[in-house]
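In: Dropping the sequence and predicted coords here.
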Amino acid sequence: MRITFNEIRRNNVQTWFLIFLFFLLISLFGLAVGVYIGDVFLGLIITTLVGIIYTLVVFSTGDKMIMSISGAKPVTKREYPYLYHTVEGLAVAAGLPTPKCYVINDSALNAFATGKKPESASIAVTTGLLEKMNRQELEGVIAHEMSHIKNNDIRVMMLAAVLVGVILLLSQFLLRSFLWGGKGSSKRENNKGTIILILIGLALAILAPFISELIKLSISRKREYMADASGAILTRYPAGLASALRKIAKDPDPLVDNANKATAHLFISTPFRMKKNNKSSLFSTHPPIDERIKRLEEM
């Protein structure tokens, strides 16, 4: 399994580098705000406080909001014993507390995991996936989602979503300040260097939300490869997940009705209708499914 462990190590490094870029963008916002108000230190304090408050609010309610938005309903062991036994068995194998089980009433073949930490994690699967997958394929899918929990992907991806929200909030604040905040002090207007910095800040306010969204999507693609690799370790049977992904790729109606852009990166495969050209791009939430299958077959 050397290839698998190398995959995990490489994706970990790349993911944390991308998160560093997020924080760099937020710091640049702090500098831009500081230049605009005439106090760089105060600008950094403002952006830091906004980031902390926003993060605390979203982290305290994020997983519940995701389940509600997705239309996922909690289920009991009596209702779905097969699902429960699979989740319990893989949780023991992974050395994790058993996640809560949710089911989404949808014919699409999909699943996702979410939560702030492994102790409060949840796994949701569609009814379509439960109906179409055999035992080994379902184990592969659940192992993939369990790996997201074990690797702390659920926390990383929620953090990425929070940071995108922070950057969007700051960009709107900066744009409104530039457009409707008045001319400011004459000292600031007469300082050509400061005017240039303000123009840079304006460009940052316009471009940063777009850049941050691309970073979030890149993190999502990296974590999917990593979860595939970790799931292969967990089940010791990569062919199970590879077979499940083939069925998902051939799903005639992959659209999850309640999925949206805010939650799409959580699913095991894109919850939207796939285009004929299924190649990955900067705007993809997931890597090409054919490439994922190929990597699993090489393990």
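Out: Alright, I've got the coordinates.

In: By mean pLDDT, flag the weakest helix or strand of the chain.
Out: helix 186-190 (a mean of 48; mean pLDDT, DSSP states H and E).

In: where does the stretch 151-299 of the chain dip in pLDDT?
Out: Along the stretch 151-299 of the chain, segments meeting pLDDT under 70 span 177-202, 204-205, 208-209, 211-212, 215, 273-283.

In: cutoff 90 now
Out: Scanning the stretch 151-299 of the chain with the threshold set as pLDDT under 90 gives 151-226, 229, 232-233, 252-266, 270-288, 298-299.

In: thinking V50 is in contact with L168, fair?
Out: No: with contact defined as C-beta atoms under 8 Å, V50 does not count as touching L168 (11.3 Å). In this view, the C-beta of every residue, glycine as well, is placed from N, C-alpha and C.

In: Assumed L168 was part of a helix.
Out: Yes: counting by DSSP: H, G, I helix; E, B strand; the rest coil, L168 is located in a helix.

In: which of the residues in the strand or helix carrying I142 are buried?
Out: Under the criterion of DSSP states H and E, I142 resides in helix 135-150. By neighbour count, with 16 or more other C-beta atoms under 10 Å as the criterion, the buried positions of helix 135-150 are 137-150.

In: Return the alpha-carbon coordinates of that helix using PDB.
Out: C-alpha atoms of helix 135-150 as PDB (Å, rounded to 0.1, in the frame of the first residue of the first chain):
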ATOM      1  CA  ARG A 135     -22.500  -5.100   0.000                       C
ATOM      2  CA  GLN A 136     -18.900  -4.500  -1.200                       C
ATOM      3  CA  GLU A 137     -19.800  -1.300  -3.100                       C
ATOM      4  CA  LEU A 138     -21.700   0.100  -0.200                       C
ATOM      5  CA  GLU A 139     -18.700  -0.700   2.100                       C
ATOM      6  CA  GLY A 140     -16.500   1.200  -0.400                       C
ATOM      7  CA  VAL A 141     -18.700   4.300  -0.300                       C
ATOM      8  CA  ILE A 142     -19.100   4.300   3.500                       C
ATOM      9  CA  ALA A 143     -15.300   3.700   3.900                       C
ATOM     10  CA  HIS A 144     -14.700   6.700   1.600                       C
ATOM     11  CA  GLU A 145     -17.000   8.900   3.800                       C
ATOM     12  CA  MET A 146     -15.500   7.400   7.000                       C
ATOM     13  CA  SER A 147     -12.100   8.400   5.700                       C
ATOM     14  CA  HIS A 148     -13.300  12.000   5.300                       C
ATOM     15  CA  ILE A 149     -14.100  11.800   9.000                       C
ATOM     16  CA  LYS A 150     -10.900  10.100  10.100                       C
END
